[in-house]
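Engineer: Structure for this input, please:
(2 chains)
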2 protein chains.
Amino acid sequence: MSRERLYLYDTTLRDGAQTNGVDFTLHDKKLIASLLDDLGIDYVEGGYPGANPLDTEFFGTEQKLERATFAAFGMTRRPGRSASNDPGIAMLIDAKADAICFVAKSSEYQVRVALETTNEENIASIRDSVSLAKDKGREVLVDCEHFFDGYKANPEFALQCAKAAYESGARWVVLCDTNGGTMPDEVEAIVGEVVKHIPGAHVGIHAHNDTEQAVANSFAAVRAGARQIQGTLNGLGERCGNANLCSMIPTLKLKKEFADKFEIGVSDDKLASLVQVSRALDNILDRAPNPHAPYVGGSAFVTKTGIHASAVLKDPQTYEHVPPESIGNHRKVLVSDQAGKSNVLAELARTNIQFDRDDPRLSRLVEKLKEREAAGYAYESANASFDLLARSTLGTVPEFFRVDKFDVNVEQRYNSHGQRVTVAMAVIKVEVDGETLISAAEGNGPVNALDVALRKDLGKYQKYIEGLKLVDYRVRILNGGTEAVTRVLIESEDEDGRRWTTIGVSPNIIDASFQALMDSVVYKLVQSNAPV
Amino acid sequence: MSRERLYLYDTTLRDGAQTNGVDFTLHDKKLIASLLDDLGIDYVEGGYPGANPLDTEFFGTEQKLERATFAAFGMTRRPGRSASNDPGIAMLIDAKADAICFVAKSSEYQVRVALETTNEENIASIRDSVSLAKDKGREVLVDCEHFFDGYKANPEFALQCAKAAYESGARWVVLCDTNGGTMPDEVEAIVGEVVKHIPGAHVGIHAHNDTEQAVANSFAAVRAGARQIQGTLNGLGERCGNANLCSMIPTLKLKKEFADKFEIGVSDDKLASLVQVSRALDNILDRAPNPHAPYVGGSAFVTKTGIHASAVLKDPQTYEHVPPESIGNHRKVLVSDQAGKSNVLAELARTNIQFDRDDPRLSRLVEKLKEREAAGYAYESANASFDLLARSTLGTVPEFFRVDKFDVNVEQRYNSHGQRVTVAMAVIKVEVDGETLISAAEGNGPVNALDVALRKDLGKYQKYIEGLKLVDYRVRILNGGTEAVTRVLIESEDEDGRRWTTIGVSPNIIDASFQALMDSVVYKLVQSNAPV
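Structural biologist: Numbers count the residues shown, from 1 in each chain, chains lettered A, B, ... in the order given. Sure, this is the predicted structure:
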C-alpha cells in the first residue's frame, strides 16, 4: 500500500527565536539550519528578514541546504499599499530563500482590532502578496494567523482568507492556532471543514502549546486531512512553545496509526540521531536538556521502581512503548530506595562491574545503598559515586591518597579602600606514597578554594587530573533550616569531554562538597587505571 | 443546566515520587498533601506503604485533610496466596488512609510475562483484594495497569479485569496507559467501549506523557465518558511524567467545552492560587520552575515587544487564550519603563509602602531592581528583601548596627579517637550604639555558625530577635560551576509565627548567606519599630 507524504516545516529559527531567553547568533542559525536539513525536515524557516538585523543578514547569503526548502517569513502587504510598493515584501523578495511564508490575519476580530482595516482589504492583501511572490518564482505559504479563533467567531470570513491564499497560488495554507487555546476535537472538526474547500495536500497546521496539547492538535489536524505539520526542535517558541518536532517525529515514524499511512522525510537512520539533534540545540542555547522530554529526554526510558525494573529486565516491551534505540536513546534502570537487586544488577552491568546474582556482597551493596539513600544520598543522580560504592564493596578501590586534614576560611572585612571584601582560602594536607603534601589556595568561595587546593598537588597522580574541571555544582537542603542535611552534586568533565557526577551528604555543606570533590578525583583515577 | 461532577485524583506523592531526581522527605509529603487538599483535589494518593520506609512511616500517622480522600496505593494479592494472608495487603489495611488504590494487571501479555501467572488467577486476585478492602470499610479503586495495550491485544481479557474490579465493589476502575504510548483517538475509542460495560461515573483515566499527549489522552477519556482524571502537580512522574494537573485544571475550569459540562472540586478562588501551588512544589524540590509551562509558567503570558505587544495592549484577548489572573499568573509586556513602574507600584501597594507615581525615587527603585535582578536577585521570592530595598530607596531604613568583619572557619581532621570530624566556627565583630561586640559560635556548618554568632549578642536589639528562627534555607547555583553565582533564600519565623523571606547573591556562598541573614534580622527590627 502506498503511503501518503506528510511534510514537516520547522520554525525553530523564527517562532523558536521568540522564546523568552533565546538569542541565536548568525553562526547558531547556520548550524541549526544544517542540522534540520540533515535530519530530513522538508522546510526550514530561517527567520523574518527586515524584523531585525540578524535575520536580514542571515537571508543576505545563500544557505546551502541539501534537500530542505529554505523559507523566509514576513507579513502580507500593508493595508492601502500595493504589494510591489511594500518595503516588507521587497525584503522578502530580496531574501535568499526558496519559499516565502506570509503571515496573514484570518480572524475578523483581529482584522478590526489589531490591524484596524476592513475584511475586504485583508483578503485583497493576501491575494496581492501571494500573486507577487508567485510571479517572482517563489514557492508560497500563507500562515493564517488566529485561524481557529477566527473560524469559531466567523467561519465564512476565516475560510475566505484561507481560500484567497490557495486560489492565488499558495502551495500551502497553514492554519495557525496562534493563541494556543484550541482543543484537539475543535481542531479536528475545523480542519475537517477546511479540507472540503482546500485539498488537504495543501493544508498545514501550526499549533502552540498553551494548553499542553500542541502535539495532539497537530495530529488531530493530520487525522482530519492536513498534510503539513509546523513545529520546532524541543518545542521552542513564544510563551509555552510550539508543537515539538522531537516528540512528533518519533510518533509519526514508530506508531502504526501514522507509520502505515504516512511517509515523512526523516529516514530510520536519521531518526536514530534525534537525541543528538535535540542535545545539539540545547548545547547551542547552553540550556540543560529537559530530562523528561518525550522520546529524547535522558529519563524517557528510565525505570525506578523495583517491580517495574524486574519486568523490564525480563522483556523491555513490558514497560517501553517504543525501543529507545530507534531514536538514539537508551534504557536505564535506576538505583534508588525503591530498588531491589534487579535494578542494582542492571546498573552494575551498564558500568561493567561484574557481580554474581548470588554474591553475598550484592546484598551488602543493596543494604548500603538503602542506608545511604535514607541518609539523603541520591545515587540515581550520581553515577560515579555509585560506581565507587559498588567497587569499594567489591574491595577494589585502592587508597590512592589520604587527606589528613583541611581547613577552609572565609573572611569578610573592609579593605584599606573602605570596600567590603570577602576572601575564601583553603589549606589541605594530603599523604601520597608516604609523602606529605600541603597545598593552599584562594577561591571565589569556600568550595572553589577547597577544590583548587585539593587538585593543586597530588604528587604522582597530578598528571591524571590535569584536565579535570567542574562543570556543575548543585546544592539541596533536605528538611529545611540551616541545621538540616545538605546534599551536594558535582558534575565533572575531563579533557576528553567525558562527564560524571558525584555526591556528598552532610549537615555541613563544606563536608558534603568535599565528599563529592573527593569522589570525583578518585573516580577519575580509577577510570585512568592510575597505579597505586 | 446542571453540570456533571468530574473528579481529580493526584498521585504526585506516589507516581510523582518515581520521577528521576525526586526524593521527598516526610515533611515534604505532608506539605504537598495539604497543598493538594487546600487546592480542592478530590483524592490525594500518599504513596505505597511497605515499598519503602518513608511511605510506611507516612501512612503510620493520620493525615488531617479537610476534604480530600487520602489514598494508599499497593498491589492486589499475590498469585497463589489468600488476600487475608498477603503481607502487602495487610500493610494497606493497616495504613491510615480512607481509600485503597490497588494496581492490577489487565493485559494478558503482562500477566504471562511480568506476573508469570494465569488469567484466571489474575482476575481472582482482583476480586479477592477488592472484596477484602471493601469489607474493611475502605473506598476502593483499581488501577488497571497496561489497560490500553492489553485491550488492543485482547479486549475480552482487559474488560474482564476491569469488570471484575467494578463488580467486586470498586468505586473507581482506573484505566492506565502505563507505558504512555497510546494515542488520543485510541483512548477515546477504547474508553467508549469500556463505558458500555462499566458506568462512566466509575471510570478513571491515568495517562503518561511519553508521546507528549497525556493531557490530550485524559481529555479524550473524559469525552468518551470517564469521570475521574489522575495526574500530578507540574506533570511529575516516571520517565516523561504523568498528566499534568496544573495544565488540566485551568482547561477544565476555563474552556467552555468542559466548564459548561463539568464541575470540579477546585473553586475559582483556588484556581487563582494555581501558580503559587505549582511554585510551592518546585520550591520543595528545589527545582527551577519551567518558564514555559502552560498556564502557570513565568513565560506563559509573556509577549515580546513588537506587533503582538501593541495588540495585547489594545486588547489582551488578541494574544491571550485565557485571562492570566484567573490562574494567578500575570501578563508581561516588556515594552517600556512605564510597564516596570506599574509592576513595582503594585508590589509596593501590597507591602503598604507609600510611593507617589511621579516620585523620582520610584524610577531609581525600578533601576535598582533591574540591576539587581540582572545580577541574580529574585525579589518575587524574597518579600522582606524587596521591602528593605524599597524602604532604603525611600531613605527610611536606619543603620541599627554595623558588622565590621566576620570570619568563618571549617576544619576537617582526625580527632584523638581517630574519627574524622568537621568543625565549623564563626567570629563576628559588630558595632551597636558605638559599642563593639565580638561574638563567636560553633555550628553544624559555616552558615549555621555565622547565624548563631550574628544573633548571639546585638546589644539593645537582642530582645527583638530572641524568638527569631530560620525555618528554611535554599541555595541555587546560577550558571553552573563552583565559580558561578550563588543565590541563597532564607525563610525566617518569629515568636508570633510570622514568616518572611530574604535573599543574598554572591559568587561566595557564605557572603550570599550572610546578606540574607542580615536582611532577615534588619527586617525584623524594622517591623518591630526598634529604636535607633
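Engineer: Listing request: residues of chain A with sub-threshold pLDDT.
Structural biologist: Residues of chain A that meet the criterion pLDDT under 70 lie in A:1, A:286, A:305-310, A:312-313, A:333-340, A:479-483.
Engineer: Mind jotting down where the strands sit in the stretch 201-350 of chain A?
Structural biologist: Secondary structure of the stretch 201-350 of chain A (DSSP state E, counting those that start in this stretch): strands at A:203-206, A:228-231, A:262-263, A:302-303, A:332-333.
Engineer: Adding mean neighbour count and distance to B:Phe147, write the ones you listed out as JSON lines.
Structural biologist: Where C-beta positions appear, they are placed from N, C-alpha and C, glycine not excepted. Formatted as JSON lines, those follow (neighbours: other Cβ atoms under 10 Å in any protein chain shown; distance: least, Cβ to Cβ, whole Å):
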{"stretch": "strand A:203-206", "mean neighbour count": "28", "distance to B:Phe147": "30"}
{"stretch": "strand A:228-231", "mean neighbour count": "28", "distance to B:Phe147": "29"}
{"stretch": "strand A:262-263", "mean neighbour count": "15", "distance to B:Phe147": "27"}
{"stretch": "strand A:302-303", "mean neighbour count": "28", "distance to B:Phe147": "19"}
{"stretch": "strand A:332-333", "mean neighbour count": "24", "distance to B:Phe147": "24"}
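Engineer: so which of those strands gets nearest chain B?
Structural biologist: For these, proximity to chain B was assessed by Cβ to the nearest Cβ; strand A:302-303 is nearest, at 5.2 Å.
Engineer: and that closest one, what does it pack onto?
Structural biologist: strand A:332-333 (3 or more Cβ pairs under 8 Å, 6 or more residues apart in numbering or on different chains; DSSP states H and E).
Engineer: try it again with 10 Å
Structural biologist: Helices and strands touching strand A:302-303, by 3 or more Cβ pairs under 10 Å, 6 or more residues apart in numbering or on different chains; DSSP states H and E, are helix A:306-314, strand A:332-333, helix A:341-350.
Engineer: List the strands paired with it, with their directions.
Structural biologist: Paired with strand A:302-303 in the same sheet, following DSSP bridges, are strand A:332-333 (parallel).
Engineer: Would stretch A:250-259 count as contacting chain B?
Structural biologist: Yes - using Cβ under 10 Å from any Cβ of the partner chain, stretch A:250-259 comes into contact with chain B via A:Pro250, A:Thr251, A:Leu254, A:Lys255, A:Lys256, A:Glu257, A:Phe258.
Engineer: Please convert the buried members of those residues into PyMOL selection syntax.
Structural biologist: PyMOL command restricting these to the buried ones, with burial defined by 16 or more other Cβ atoms under 10 Å in any protein chain shown:
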select buried, chain A and resi 250+251+254+255+258
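Engineer: would you list the strands of the stretch 201-350 of chain A in a markdown table and tack on distance to B:Pro398?
Structural biologist: As requested, the strands of the stretch 201-350 of chain A are exported to a markdown table (distance: least, Cβ to Cβ, whole Å):
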| stretch | distance to B:Pro398 |
| --- | --- |
| strand A:203-206 | 58 |
| strand A:228-231 | 57 |
| strand A:262-263 | 72 |
| strand A:302-303 | 55 |
| strand A:332-333 | 57 |
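Engineer: surely A:Arg112 meets A:Gly150?
Structural biologist: No - here A:Arg112 lies out of contact with A:Gly150, judged by Cβ atoms under 10 Å, at a distance of 11.1 Å.
Engineer: list residues touching both of the two?
Structural biologist: Listed contacts common to A:Arg112 and A:Gly150 are A:Lys105; contacts here mean Cβ atoms under 10 Å, 6 or more residues apart in numbering or on different chains.
Engineer: Tell me which of those two has more neighbours.
Structural biologist: Ranked by neighbour count (other Cβ atoms under 10 Å in any protein chain shown), A:Arg112 and A:Gly150 place A:Gly150 first, with 26 against 14.
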